[in-house]
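[1] based on what follows, work out the 3D shape:
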Amino acid sequence: GETVQIGQVLGGIDEAGASGTVPASATPAAAAVGTTPSAASAAPVSSVHDDDVRATPLARKVADELHVDLSKVVGTGAGGRIREQDVIAFSQAKGSNGSATPSPSVKMDAAVSSPAPVVPAGEGGTRRVSRERMSTLRQRIASRLVQAQHTAAMLTTFNECDMTAVMALRKQYKDEFEKKHAIGLGFMSFFVKAVVGALKAFPLVNASIVEDGGQPSVEKHDYQDIAVAVASPKGLVVPVIRNAETLSMAKIELAIKELATKAKDGKLTIEEMQGGTFTITNGGIFGSLMSTPILNPPQSAILGMHAIKNRAVEDPANPGQVAIRPMMYLALSYDHRIIDGAEAVQFLVFIKKAIEDPQRLLLEV
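    Down below sits the predicted model:
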């Protein structure tokens, strides 16, 4: 019948046989808080570069990520300023030479990752799964490709060209060409020549947008440095044919062969992968019928070649009649910030006409 105040203790319940002491294993918990393993507290590895080196902030960030010494990088920007693509090309060249700085290894904790559900394997089959970290360089390349899509106003225009004339010309002169120049006559040299002519006719396609001090400007080039995508053991690389506008068909073929051989052997230099003004990629050698190539920053356009397939089209010699012709789809991806749609279409039509009538390449019309 007594009145109990709020919060007053009425009694306690004691478990039978329980000890009144706290287990020793429970006491270190408080002491463990704030204790960090020495491995986790190690400072991240950063690249060594001189603060006096002229480089864009983005180039310095990329250099830190790829562990590149900026003092060893040759800049292609205004006044020798180092840009992002210079750092990436330097890192790619070191990787192809087998001397790239290894990125810190990352061990995956099996206890942290969720185990894959157990699914019964089919008769005689296995269901093993493996996982490995992307290399630092590969991560940066992936990031750069995504950046190209997010930064540039990228569009793609398509066309098709009849390869009949080029194939006939190549068949007629390939033996004589190889005997005289000690190199085979391929299709790429025709396209390089066609691109050079188109870039002269439409110079903005050969230009690029440069961010300098927050103020974008258009950087124009009076030369054509054509980057050609070639396969290497480490993936696709894009070495550059310098001053392609000054080269003959034979010299273009020799340059392509030399660069492809170096890429295969991992001997491409940094300079050979820097500073292109336009890129050509040929997915047709892998069987691609049509694709949308991604820009190679800071370039403003890239041409995609594809597989040659016999298709039924209107016979140009007999309008209204259908003929089977060897056709190739062409794709031009471009940065709409600097290149208008009409200009991009005309650029691709110029290439189409040059390939369908190779005499234009000689007359430069």
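
[2] can you give me the neighbour number for residue 300?
    27 (other C-beta atoms under 10 Å). No exception for glycine: its C-beta is placed from N, CA and C like everyone else's.

[3] list the residues that contact it.
    Contacts for residue 300 (C-beta atoms under 8 Å, 6 or more residues apart in numbering) come out as 152, 204, 205, 206, 207, 208, 209, 334, 335, 338, 339.

[4] wait, the fifth one touches residue 222, no?
    No - contact between residue 207 and residue 222 fails when scored by C-beta atoms under 8 Å: they sit 10.5 Å apart.

[5] between those two, which one's more packed in?
    residue 207 (22 against 8).

[6] nearest residue to that one other than its sequence neighbours?
    Among residues not flanking residue 207 along the chain, residue 220 sits closest, at 4.6 Å (C-beta to C-beta, 6 or more residues apart in numbering).

[7] which helix or which strand is home to residue 310?
    Taking DSSP states H and E as the definition, residue 310 sits inside strand 308-314.

[8] give me the mean pLDDT for the next helix-or-strand element following that strand.
    As assigned by DSSP H and E, the chain's next helix or strand after strand 308-314 is strand 322-335. Average pLDDT, strand 322-335: 98.

[9] in strand 322-335, which residues are buried?
    Judged by neighbour count (16 or more other C-beta atoms under 10 Å), strand 322-335 contains these buried residues: 325, 327, 328, 329, 330, 331, 332, 333, 334, 335.

[10] go ahead and confirm the second one touches residue 161.
    I take that to be residue 327. Yes - when contacts are counted by C-beta under 8 Å, residue 327 is listed as touching residue 161 (7.2 Å).

[11] which pair in the buried residues of strand 322-335 spans the largest distance?
    Comparing all pairs in the buried residues of strand 322-335 by C-beta to C-beta, the longest separation belongs to 325 and 335, at 32.4 Å.

[12] in the stretch 51-200 of the chain, where is pLDDT below threshold?
    Applying pLDDT under 70 to the stretch 51-200 of the chain flags the ranges 51, 95-122, 137.

[13] all the strands of it, residue numbers only.
    For the stretch 51-200 of the chain, applying DSSP state E, counting those that start in this stretch gives strands covering 154-162.

[14] what touches both of residue 207 and residue 222?
    Common neighbours of residue 207 and residue 222 are not found (criterion: C-beta under 8 Å, 6+ apart).

[15] so residue 280, which of the three states?
    strand (DSSP: H, G, I helix; E, B strand; the rest coil).

[16] measure it to residue 331 for me?
    Noted for residue 280: a distance of 11 Å to residue 331, by C-beta to C-beta, to the nearest Å.

[17] got any residues that touch both of the two?
    Common neighbours of residue 280 and residue 331, counting by C-beta under 8 Å, 6+ apart, are residue 303.

[18] residue ranges of each domain in this protein, please.
    47-102+133-151, 153-363 (automatic domain parsing).

[19] from the chain's centre, how far out does the first one sit?
    Relative to its chain's centre, domain 47-102+133-151 lies at 13 Å (C-alpha atoms, centre = their mean, to the nearest Å).

[20] does residue 202 touch residue 343 like I think?
    Yes - with contacts counted by C-beta under 8 Å, residue 202 reaches residue 343, the gap being 5.7 Å.

[21] now for the helix or strand where residue 352 lies, which elements pack on it?
    Using DSSP H and E, the element containing residue 352 is helix 341-356. Counting contacts by 3 or more C-beta pairs under 8 Å, 6 or more residues apart in numbering; DSSP states H and E, helix 341-356 packs against strand 154-162, helix 164-181, helix 188-201, strand 301-305, strand 322-335, helix 359-363.

[22] okay, the fourth one in CSV with CA atoms only?
    Right, the one you point to is strand 301-305. Extracted C-alpha coordinates of strand 301-305, given in CSV (Å, rounded to 0.1, in the frame of the first residue of the first chain):
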residue,chain,number,x,y,z
ALA,A,301,36.5,13.3,-84.3
ILE,A,302,37.2,9.6,-85.0
LEU,A,303,36.5,7.5,-88.1
GLY,A,304,35.3,4.0,-87.8
MET,A,305,35.9,1.5,-90.7
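
[23] show me the contact partners of it.
    Contacts for strand 301-305 (C-beta under 8 Å, 6+ apart): 187, 191, 195, 205, 278-284, 291-296, 328, 330-335, 339, 344, 347-348, 351.
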